[in-house]
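S.K.: Fold the following.
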Amino acid sequence: MTNSRAKSSKTTTAPVEKIIGYTFKKKQTLITALTHRSFANELKKQGFEYNNERLEFLGDAVVELVVSDYMYRTYPELPEGIMTLVRAAVVKTTSLAEEVVKLGLGDNLILGHGEEKTGGRNKEYLLANLFESIVGAIYVDGGMKHAAKFISAHLFSKIDDAVTHKNYTDAKTRLQEITQQHYKITPTYTIIQESGPAHERTYVAAVQLGEKQLSEGSGSSKQKAEEAAAEKALGLLDKLIEDSHAQG
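M.R.: Alright, predicted model coming up:
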């Protein structure tokens, strides 16, 4: 689906409907879910005023409810605190963006020219927002049953994996545990760049271990940028530790 065709209906929505496994009764609901604010803003003078922010807001709530309900019913032994950590790990930006990439839905995101030029189609937070807006659109058009079916197909296995392997602690916490255990140092974070308009800022964070910078990460908030930097640092440290053990 290209930006110039964003206002047409059945022919443009069919490929996306096939990907997500749901056929919309109101095609405009899906088109709205795919439309980023940047595109809508550029076309306001042409009478196009829809963007996916309201559907994203709704979809976020639906995702949390469906994920919470699944954990409550499937894992009766899990305490509330662990359920909260698991849910946070499953619905975080990186996780939702990963599912959008797997589905190839990023190519169908309708962006303004400016956002397109700055690589918006590959920004994790925009892809995660797209996942939530699609959930919101399915919920509006077809109800909770269909929305839950889409969520279950893409997130329930992640819940099971997180519970089984206990990998639900956030990246910053895991990084701190590893660095303290192996290096006796606590990592520090610095926001090294901010860009974008006030309503849609992008932050870049750097994580350091002593005087050494380990990695950088970006996100739509300072916290998300720091989390992304920690995720990258974990991969680096895991390899360094494995190499040291191999040589040891």
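S.K.: Residue ranges in the chain under the pLDDT threshold?
M.R.: For the chain, the stretches flagged by pLDDT under 70 are 1-11, 42-49, 238-248.
S.K.: Where do the domain boundaries of it fall?
M.R.: 3-165, 171-247 (automatic domain parsing).
S.K.: Go through those and pick out the most buried.
M.R.: Among these, the stretch with the highest mean neighbour count (mean count of other CB atoms under 10 Å) is domain 3-165, at a mean of 18. All C-beta atoms are positioned from the backbone trio N, CA, C, and that covers glycine.
S.K.: Please compute how far it lies from its chain's middle.
M.R.: Averaging C-alpha positions (CA atoms, centre = their mean, to the nearest Å) puts domain 3-165 9 Å from its chain's average.
S.K.: switch to numbering from 817
M.R.: Got it, first residue is 817 now, which makes that one domain 819-981.
S.K.: counting contacts, what elements does the helix or strand residue 1024 falls within pack onto?
M.R.: Here residue 1024 sits within strand 1018-1025, counting by DSSP states H and E. Applying 3 or more CB pairs under 8 Å, 6 or more residues apart in numbering; DSSP states H and E, one finds that strand 1018-1025 contacts helix 987-999, strand 1004-1011, strand 1028-1035, helix 1038-1063.
S.K.: strand partners of it, parallel vs antiparallel please.
M.R.: Sheet pairing for strand 1018-1025, assigned by DSSP bridges, gives strand 1004-1011 (antiparallel), strand 1028-1035 (antiparallel).
S.K.: closest to residue 980 out of these?
M.R.: Nearest of these to residue 980, taken as CB to CB: strand 1028-1035 at 26.5 Å.
S.K.: got a markdown table for the helices and strands packed on strand 1018-1025, with distance to residue 854 too?
M.R.: Below are the helices and strands packed on strand 1018-1025 laid out as a markdown table (distance: least, CB to CB, whole Å):
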| stretch | distance to residue 854 |
| --- | --- |
| helix 987-999 | 29 |
| strand 1004-1011 | 14 |
| strand 1028-1035 | 17 |
| helix 1038-1063 | 19 |
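S.K.: nearest to residue 962, of those?
M.R.: Nearest of the helices and strands packed on strand 1018-1025 (CB to CB): helix 1038-1063, 29.1 Å.
S.K.: okay, the angle between the strand holding residue 1024 and helix 987-999?
M.R.: Here strand 1018-1025 runs at an angle of 20 degrees relative to helix 987-999 (axes from the mean of the first three to the mean of the last three CA atoms, to 10 degrees).
S.K.: got the CA positions of strand 1018-1025 in CSV?
M.R.: The C-alpha coordinates for strand 1018-1025 follow below in CSV (Å, rounded to 0.1, in the frame of the first residue of the first chain):
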residue,chain,number,x,y,z
THR,A,1018,13.2,10.5,19.5
TYR,A,1019,16.0,10.0,22.1
VAL,A,1020,19.4,8.3,21.8
ALA,A,1021,21.0,6.9,25.0
ALA,A,1022,24.5,5.6,25.5
VAL,A,1023,25.3,3.1,28.2
GLN,A,1024,28.8,3.1,29.8
LEU,A,1025,30.7,0.7,32.0
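S.K.: starting at the chain centroid, how far to it?
M.R.: With CA atoms, centre = their mean as the basis, strand 1018-1025 stands 18 Å off its chain's centre.
S.K.: just the helices in this structure please.
M.R.: 826-836, 843-850, 853-858, 869-890, 896-907, 909-919, 929-933, 940-958, 960-981, 987-999, 1038-1063 (DSSP state H).
S.K.: Turn the ones you listed into a markdown table, columns for distance to residue 1007.
M.R.: Conversion of those to a markdown table gives the following (distance: least, CB to CB, whole Å):
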| stretch | distance to residue 1007 |
| --- | --- |
| helix 826-836 | 35 |
| helix 843-850 | 31 |
| helix 853-858 | 23 |
| helix 869-890 | 25 |
| helix 896-907 | 22 |
| helix 909-919 | 17 |
| helix 929-933 | 22 |
| helix 940-958 | 16 |
| helix 960-981 | 28 |
| helix 987-999 | 14 |
| helix 1038-1063 | 6 |
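S.K.: Alright, that wraps it up for me.
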